[in-house]
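Colleague: Predicted coordinates and the sequence they were generated for:
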Amino acid sequence: MTRYDLAIIGAGPAGMAAAATAAEAGLSVCVLDEQPRAGGQIYREVERAAGPRGDILGKDYTEGAPLVAGLRAAGITHLAGAVVWAIEDGFRISYTQGGAAAQIGARRVLLATGALERPMPLPGWTLPGVMTAGAGQILLKQSGVLARRAVLVGSGPLLYLIAAQMVRAGTPPLAMVETQTRADLLHAMSHLVGALRGWRYLLKGLGLLAVIVRAGVPRYTGATEIGIEGDDRAEAVTFESRGRARRIACDTVFLHHGVVPNTQAARALNVRHVWNAAQHCFVPVLDAWGQSEVAGVLVAGDGAGIGGAKAAEIAGRLAGLRVAEDLGRMDRTTRDRHAARLHAARARELAARPFLDAAYPPFAGALSPADDTVICRCEEVTAGDIRGHARIGCLGPNQAKAFGRAGMGPCQGRYCGLTVTALLAAANGQTPDATGYYRIRPPLKPVTLGELAAMEPADRGAAE
């Protein structure tokens, strides 16, 4: 079993930046990532797609190419297509790659697992033809495929980005059905002064809106009572906006109302999490360097709280400096000198976040779905089932597994966890912190007996 100074889970902006920083300090680094090529969601396939689709995807996307190239530096081992399914005592990391399981060891672990799109359970959201907006963007980045006759539903800056990309690709969306309200914008104005420090984000947003408006894409704001019609597939989106019932026939529906940290690996390592009311999700408890309360475990990027690609990259560099100092490859004075500008840059990058969080909150109708809406797609558990569990004594998500198998499917609660917490908290009159989240145990991802059988014994394999 090969041992490294630092193992990084995830090859997005935070993971790639941390790897480069740690390697420059002389540490041996191993980056494990599920995708066949580095980049994470934001820079997915950037080295392949920047040329043919760079004009469509935009400058913010193509700027990720140098980070990906940096993984080829000396001192960095990049294990692509490696699915991590366990991180055990002593930081023995088990993963599957190419049909066989394997292990590495590390002195420190950085979790750069990024974000997941917040589930948006609505009537009809399980129909074929309905997907997350991020999934639609993956199709564009990875294969150059764009959905035609699509409607974007939800709220948040990502909707504007994808709509603008669709316009530039020549397949504009039929409409944007947005859930944020004027009241949300007025609430956000209390954060405007601070947001001006992050004026570049605001300017980018205005630029995206200009593209959408020039293309004549209809926008409906303050939408409520949203549903998706169809028998065998999505056929139309129905909703109410400004007191009128509306229906838009379509072939594809992209749902999005924010992203949330992917906390599964951090929870499996017993990293403490707390509820972030502004972002409506759990976040790990960390110091300014990304160090958790668990010795040797750091978290960086959107897995530590949603901040965007640039903030994630900066956080990765800070974590890399912390590990380098911790392992004796850099003195504290040098670390702090390098970190000073990074801390300042991260503060600027995050300055607009309170404004955005307030202006584009999650859709209330999806945070508290109707009783007949499926919220756990793996096990087909409805919101009414969860409320029924609460009425007979279920107090938290772990009990909900026993009451009705919510969270026990292949996704292991990644997509229903926050919804289950919210429903139980409301039904029992508790806070999300008191209600809690699923207890995560290995395997973090499914692993087959065949893959385990192909694993090299721990005392064989590469030399220490």
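Modeller: Received it, and whenever you're ready, just let me know what you need.
Colleague: quick one, helices of the stretch 301-450 of the chain?
Modeller: Secondary structure of the stretch 301-450 of the chain (DSSP state H, counting those that start in this stretch): helices located at 309-326, 332-350, 353-359, 364-367, 383-391, 397-404, 417-428, 432-435, 449-453.
Colleague: okay if I get these as TSV plus mean pLDDT?
Modeller: Listed next are those as TSV, based on pLDDT from 0 to 100:
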stretch	mean pLDDT
helix 309-326	97
helix 332-350	96
helix 353-359	95
helix 364-367	96
helix 383-391	97
helix 397-404	94
helix 417-428	97
helix 432-435	97
helix 449-453	92
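Colleague: for the ones you listed, which one sits closest to residue 293?
Modeller: helix 309-326 (14.3 Å; CB to CB). All C-beta spots, glycine's among them, are computed from the backbone N, C-alpha and C.
Colleague: so how far is the closest one from its chain's centroid?
Modeller: 18 Å (CA atoms, centre = their mean, to the nearest Å).
Colleague: That helix - contacts with which helices or strands?
Modeller: strand 2-9, helix 13-24, strand 100-111, strand 297-299, helix 332-350 (3 or more CB pairs under 8 Å, 6 or more residues apart in numbering; DSSP states H and E).
Colleague: Where does residue 123 sit: helix, strand or coil?
Modeller: Using DSSP: H, G, I helix; E, B strand; the rest coil, the structure places residue 123 in coil.
Colleague: roughly how far apart are it and residue 67?
Modeller: 41 Å (CB to CB, to the nearest Å).
Colleague: Repeat that for residue 23.
Modeller: Distance of residue 23 to residue 67, given as CB to CB: 13 Å.
Colleague: same question, residue 333
Modeller: 27 Å.
Colleague: higher neighbour count, the two?
Modeller: residue 67 (25 against 9; other CB atoms under 10 Å).
Colleague: for the lowest-mean-pLDDT helix or strand in the chain, which positions count as buried?
Modeller: Using mean pLDDT, DSSP states H and E, helix 46-57 stands out as the lowest-scoring helix or strand of the chain, at a mean of 78. By 16 or more other CB atoms under 10 Å, the buried positions in helix 46-57 come out as 46, 49-50, 53, 56-57.
Colleague: can you list the domain ranges for this protein.
Modeller: Per automatic domain parsing, the domain ranges recorded for the chain read 2-116+260-330, 119-257, 368-430.
Colleague: can you list these in JSON lines and add distance to residue 356?
Modeller: Below are the domains of the chain laid out as JSON lines (distance: least, CB to CB, whole Å):
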{"stretch": "domain 2-116+260-330", "distance to residue 356": "9"}
{"stretch": "domain 119-257", "distance to residue 356": "6"}
{"stretch": "domain 368-430", "distance to residue 356": "19"}
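Colleague: Residue 348: which of the ones you listed is closest?
Modeller: Here domain 119-257 is closest among the domains of the chain (CB to CB), at 5.7 Å.
Colleague: quick check: mean pLDDT across the closest one?
Modeller: In this model, domain 119-257 carries a mean pLDDT of 93.
Colleague: can you give me the end-to-end distance of that domain?
Modeller: End-to-end distance for domain 119-257: 8 Å, by CA to CA, to the nearest Å.
Colleague: And that domain, how far out from the chain middle?
Modeller: Going by CA atoms, centre = their mean, where domain 119-257 is centred and where its chain is centred differ by 18 Å.
Colleague: Show me what the spatially most central residue of the chain is bridged to.
Modeller: Centroid-nearest residue in the chain: residue 115, 1.2 Å away (criterion: CA atoms, centre = their mean). Legend: beta-bridge partners of residue 115 under DSSP bridges are residue 261.
Colleague: From what I see, it and residue 260 are in contact.
Modeller: Yes - with contact defined as CB atoms under 8 Å, residue 115 reaches residue 260; the gap is 6.2 Å.
Colleague: can you list residues touching both of those two?
Modeller: Taking CB atoms under 8 Å, 6 or more residues apart in numbering as the contact rule, residue 115 and residue 260 both touch residue 306.
Colleague: Ranking the helices of the stretch 301-450 of the chain by mean neighbour count, which comes first?
Modeller: Mean neighbours per residue, mean count of other CB atoms under 10 Å, is largest over those for helix 309-326, with a mean of 27.
Colleague: Can you dump the C-alpha atoms of that one in CSV for me?
Modeller: Output in CSV follows, covering the C-alpha atoms of helix 309-326 (Å, rounded to 0.1, in the frame of the first residue of the first chain):
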residue,chain,number,x,y,z
ALA,A,309,-15.2,28.1,-7.9
LYS,A,310,-12.8,31.0,-7.2
ALA,A,311,-13.4,30.8,-3.4
ALA,A,312,-13.0,27.0,-3.6
GLU,A,313,-9.6,27.4,-5.3
ILE,A,314,-8.4,29.8,-2.7
ALA,A,315,-9.6,27.6,0.1
GLY,A,316,-7.7,24.7,-1.5
ARG,A,317,-4.5,26.7,-1.5
LEU,A,318,-5.0,27.7,2.2
ALA,A,319,-5.5,24.0,3.1
GLY,A,320,-2.4,23.1,1.2
LEU,A,321,-0.3,25.7,3.1
ARG,A,322,-1.8,24.4,6.4
VAL,A,323,-0.8,20.8,5.7
ALA,A,324,2.7,21.9,4.5
GLU,A,325,3.3,23.7,7.8
ASP,A,326,1.7,21.0,9.9
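Colleague: who's in contact with the nearest residue to residue 352 once chain neighbours are set aside?
Modeller: Nearest residue to residue 352, sequence neighbours excluded (CB to CB, 6 or more residues apart in numbering): residue 198, at 3.2 Å. For residue 198, the contacting residues are 348-353, by CB under 8 Å, 6+ apart.
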